[in-house]
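[1] Starting from these lines, generate the structure:
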Amino acid sequence: MTAVAAQQSGPRHVAIIMDGNGRWAQARGRPRLFGHHAGARRVREIVEACPDLGVKYLTIFAFSTENWKRTQVEVAGLMSLFRRYITKEARALFNEGVRVRFIGDRVKLDKKLIALMDELEQITAGNDRVHLTIALNYGGRDEVARATKRLAEDVAAGRLDPAKVDEETLPRYLDTCVLPDPDLVIRTSGEARISNFLLWQSAYAEYEFIDTLWPDFTAEIFAGIVGSYAGRDRRFGGVKV
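    Here you go, the predicted model:
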């Protein structure tokens, strides 16, 4: 499929649940963090593949609100990896025309990491080639709860008429309010569940569950999934006549 064809019929926004880093490492007799580092390196390849595939928006699930339940060693290692990734990749992302955003609840994250996140968002704010959104300390239910709280506060303050609240209102309060909904959600590693990821936004997304572990997820595999999307019949509840 050519880049032009992809832009016409392929997914504009792809979201990925990057799963399987730990199993990938354990299969090689290495600690789980070894797999997380390998998975982080894979992100750049997928981001770089997006423009030629017509993918304008890429959202990746880096750390969920449930991942705090993992061992203290793994969580600390992941937080260190996130700081290192931002520091190392900032210039490359800027030069590639990538705009980076973070979604999720930042309150629980350490101040140094939050500062790096803020800085990366600021320096890439003028870019438009690819919009990379990183879900960090993110959970779909948590996002909806936080959005609903803000909506309720606006109603209580008289800034929003409750009679005018409809299904178009809540998205304006979500972390993803400036993004289009995902067209395609991919999950690696063979698990067939969405794990609390983009619950509201993916209501009409196509899903692709594949056995490949995230560190083995190549640009070629990505291109194949994006290409197959064009053949899907997307009716959004309607019937073609």
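[2] my guess is Asn196 is in a strand, correct?
    No. For Asn196, which was evaluated using DSSP: H, G, I helix; E, B strand; the rest coil, the result is coil, with no strand membership.
[3] contacts for stretch 214-226?
    The contact list for stretch 214-226, computed with C-beta atoms under 8 Å, 6 or more residues apart in numbering, reads 1, 6, 10-11, 14, 18-21, 24, 35, 38-39, 41-42, 45-46, 48-49, 53-55, 184, 186, 188-189, 208, 210, 212. For the C-beta atoms, the positions are set from N, CA and C on the backbone; glycine is no exception.
[4] Provide a list of residues in contact with the nearest residue to Arg187 once chain neighbours are set aside.
    Among residues not flanking Arg187 along the chain, Ile17 sits closest, at 4.1 Å (C-beta to C-beta, 6 or more residues apart in numbering). With contact taken as C-beta under 8 Å, 6+ apart, Ile17 is in contact with 61, 185-188, 194-195, 197.
[5] so which of the residues you listed is the most crowded?
    Scoring the contacts of Ile17 on neighbours with other C-beta atoms under 10 Å, the highest-scoring entry is Ile186 at 27 neighbours.
[6] Tell me the pLDDT of that one.
    You'll see Ile186 listed with a pLDDT of 98.
[7] which secondary structure elements does the one helix or strand Ile86 maps to contact?
    With elements taken from DSSP states H and E, the one containing Ile86 is helix 72-95. Applying 3 or more C-beta pairs under 8 Å, 6 or more residues apart in numbering; DSSP states H and E, we find helix 72-95 packed against helix 32-53, strand 57-64, helix 111-123.
[8] Stretch 96-103: which residues count as buried?
    Applying a neighbour-count criterion of 16 or more other C-beta atoms under 10 Å, one finds 96, 98-103 buried in stretch 96-103.
[9] and of these, the nearest to Leu113?
    Comparing the buried residues of stretch 96-103 against Leu113 with C-beta to C-beta places Phe102 closest, at 9.8 Å.
[10] related to what we said a few turns ago, quick one: buried ones out of the contacts of stretch 214-226?
    1, 6, 10-11, 14, 18-21, 24, 35, 38-39, 42, 46, 49, 53-55, 184, 186, 188-189, 208, 210, 212.
[11] For the closest residue to Arg129 other than its chain neighbours, list the residues it contacts.
    Using C-beta to C-beta, 6+ apart and skipping residues adjacent in sequence, the residue nearest Arg129 is Gly97, 3.1 Å away. Under the criterion of C-beta under 8 Å, 6+ apart, the contact partners of Gly97 comprise 127-130.
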